[in-house]
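S.K.: One predicted model, sequence on top.
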Amino acid sequence: MQRTKRNGTEVFRITGARMGLAEDVRGRQRRYVISMAIRTLSVIATVVLWNVQRPVAIVTLVAGALLPYVAVVIANAGRESAPSLPSHFVPAPVHPALETGNLKKSSDQS
């Protein structure tokens, strides 16, 4: 995965570690602010359209009423889940058991 920082340098994520807490909080804040901006535009559209297109104004009013709940749920969704890392455990190979017909008598056995 490739990310670009503010100064334009490329940063490659090579571990399975989660993103930093500050970056996670910043992303949540950004999503919340975008949702609230959409809500504000929805409320303004309701006021502007109320006497022009009442059905559209009602839809924007409902959207403006529901967006705060959706924005809070999205903002508080929690941190990303840790990616599954490859297993370093290699199971021992399974050797089939010898059948009785395959046993050979050795000189030690009488």
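M.R.: Here it is on my side, so go on.
S.K.: Give me the buried positions along the longest helix seen in the chain.
M.R.: The longest helix of the chain (DSSP state H) is helix 21-49. By neighbour count on 16 or more other CB atoms under 10 Å, the buried set for helix 21-49 is 28, 32, 35, 39, 42, 43, 45, 46, 49. In short, each C-beta sits where N, CA and C put it, glycine included.
S.K.: OK, contacts around the first one?
M.R.: Contact criterion CB atoms under 8 Å, 6 or more residues apart in numbering gives 75, 76, 77 as the residues in contact with residue 28.
S.K.: how near is it to residue 35?
M.R.: Distance of residue 28 to residue 35, given as CB to CB, to the nearest Å: 11 Å.
S.K.: what sits in contact with each of the two?
M.R.: Going by CB under 8 Å, 6+ apart, residues that sit against residue 28 and also against residue 35 are residue 75.
S.K.: remind me which residues of this structure are low pLDDT?
M.R.: 1-8, 11-18, 78-91, 98-110 (pLDDT under 70).
S.K.: For it, which segments count as helices?
M.R.: 21-49, 54-75.
S.K.: for those helices, which one sits closest to residue 92?
M.R.: Closest approach to residue 92 among these (CB to CB): helix 21-49, 40.0 Å.
S.K.: thinking again about what came up before, export the buried residues of helix 21-49 to CSV and tack on distance to residue 95?
M.R.: Converted to CSV, the buried residues of helix 21-49 look like this (distance: CB to CB, whole Å):
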residue, distance to residue 95
28, 53
32, 59
35, 60
39, 66
42, 68
43, 72
45, 73
46, 74
49, 77
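S.K.: where does residue 24 sit relative to residue 39, distance-wise?
M.R.: Between residue 24 and residue 39 the distance is 23 Å, computed by CB to CB.
S.K.: typo on my end, residue 72
M.R.: Counting by CB to CB, the gap from residue 72 to residue 39 is 11 Å.
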